[in-house]
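**Student:** Here is a sequence with its predicted model. Questions after.
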Amino acid sequence: MTFDPRAFADHAGNKAALRRLLQAGSRLYMQFARETVARFGTNGEATVRQHLRQYGVWRGTEMREAHNALGLPLDMETLNRCWDSASVFIVKSDLESKGKYTACDVQYEVHDCPAADVWRAEDFHRWGHVYCDEFHQACASTYHPDGNVVIPINIMKGDDHCAFRWIIPAGSPRLANFPPSPLGKKLAQYYVAETPERAVYDAMARTSRLIGGRYWTMAEALTDRHGAPKAMEAIGTFLRVWGAQRGELTRARHVAEGIDLTPVNAVRGFDLAPFQVWDVTERFAANDGAALEIAWTPMDDAWQDLAAAGFARLFWRESLPAYVAGYDDRLGVRWLADRWTGDPTTRLEIGWR
């Protein structure tokens, strides 16, 4: 999608859209963890932890590649100042005014965590805390081999805020920059915003890509530990639950705001920022149906890099119809073309059954 600064002029609306996008990713993890533990018991708990570590490795690798391509020093200050998630946009003022940053020691507090808001509301404290510990350490030590992070104060343990400290021990060698990779060059473009509007766009694009990597590491961990047939059953289940919950939440928001429940508004209320960062064309039919042609999304871009076509197709085929039905059970999705089965683009219609 070509960046249009006019689409990002509404600061309050941008912040609300960013929060919904972040919370969609948090809910994806929550539904994955619940289904995996319920289905596989103790073995499932190990699967959740494996996913979190793999997710940390993936994100640490992608940030290192992007930051290296920009010629930045690969240390804890760069990692945190150039973080990939839009969560830093939500808490930007706290991080900038109260944080302490050096190359080998970064300290700050987080008082507003969109993920914690979701998890606390659904009594997901234990696995929310596991997420914080497993993911952040895997990310830090992947970005720099001697990187460490501690979170002694944590909202998911019942505290009123989180306190982070990211450290590279004294005496650790400096991590040298290396020739930029094609991946690093591609990702680097999302870290060099020159205007506030572009910064919002980049935050949305990066965070959307994270949903792709989050889902891929879930699918990989399930397949690795439980085999493809059982993994596919579990993936389909948690994707449907995730989609339905998000549709219900969008419906509730629209009812509260007095917005009509129509196919068009189901699309317009989608929480994955399609009209901000996807390459998507929309048409509206006379019966108030919606037709979409999707040429590119940040999630699909990640899955293409990861050669994850099968998982990508499952993601859309399970979660999108569930979202639509959760919004209004009279609605359905009709697939006309699918890029993950060889078509140039994905085309679909959303309308009354």
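**Tutor:** Here it is on my side, so go on. Source: prediction; values computed, not measured.
**Student:** got the buried residues for the strand or helix carrying L292?
**Tutor:** Using DSSP states H and E, L292 sits in strand 290-296. For strand 290-296, burial by neighbour count (16 or more other CB atoms under 10 Å) applies to A290, A291, L292, E293, I294, W296. Any C-beta I mention is one placed from the backbone N, CA and C, and that applies to glycine too.
**Student:** so how far is L239 from the fourth one?
**Tutor:** Look at E293 and L239: by CB to CB, to the nearest Å, they are 22 Å apart.
**Student:** do the last one as well
**Tutor:** The spacing between W296 and L239, counted by CB to CB, is 21 Å.
**Student:** One more: the third one?
**Tutor:** Plainly put, L292 is 19 Å away from L239 if you go by CB to CB.
**Student:** Also the first one?
**Tutor:** Using CB to CB, A290 is found at 21 Å from L239.
**Student:** Check the second one too.
**Tutor:** Summarising the geometry, the distance separating A291 from L239, computed by CB to CB, is 23 Å.
**Student:** Which helix or strand contains L187?
**Tutor:** L187 belongs to helix 182-188 when elements are defined using DSSP H and E.
**Student:** Packing partners of that helix?
**Tutor:** Contact here means 3 or more CB pairs under 8 Å, 6 or more residues apart in numbering; DSSP states H and E; on that basis helix 182-188 packs against helix 11-69.
**Student:** Would you mind pulling up the elements that the helix it packs on packs against?
**Tutor:** Judged by 3+ CB pairs under 8 Å, 6+ apart, helix 11-69 is in contact with helix 76-81, helix 87-90, helix 114-121, helix 125-143, helix 182-188, helix 196-226, helix 228-257.
**Student:** For the protein, give me the ranges with low pLDDT.
**Tutor:** Residue ranges of the chain with pLDDT under 70: 1, 92-94, 285-287.
**Student:** Domain parsing of it, as residue ranges.
**Tutor:** 10-195, 221-352 (automatic domain parsing).
**Student:** Would you tell me which of the ones you listed gets closest to R214?
**Tutor:** Closest of these to R214 is domain 10-195, at 5.8 Å (criterion: CB to CB).
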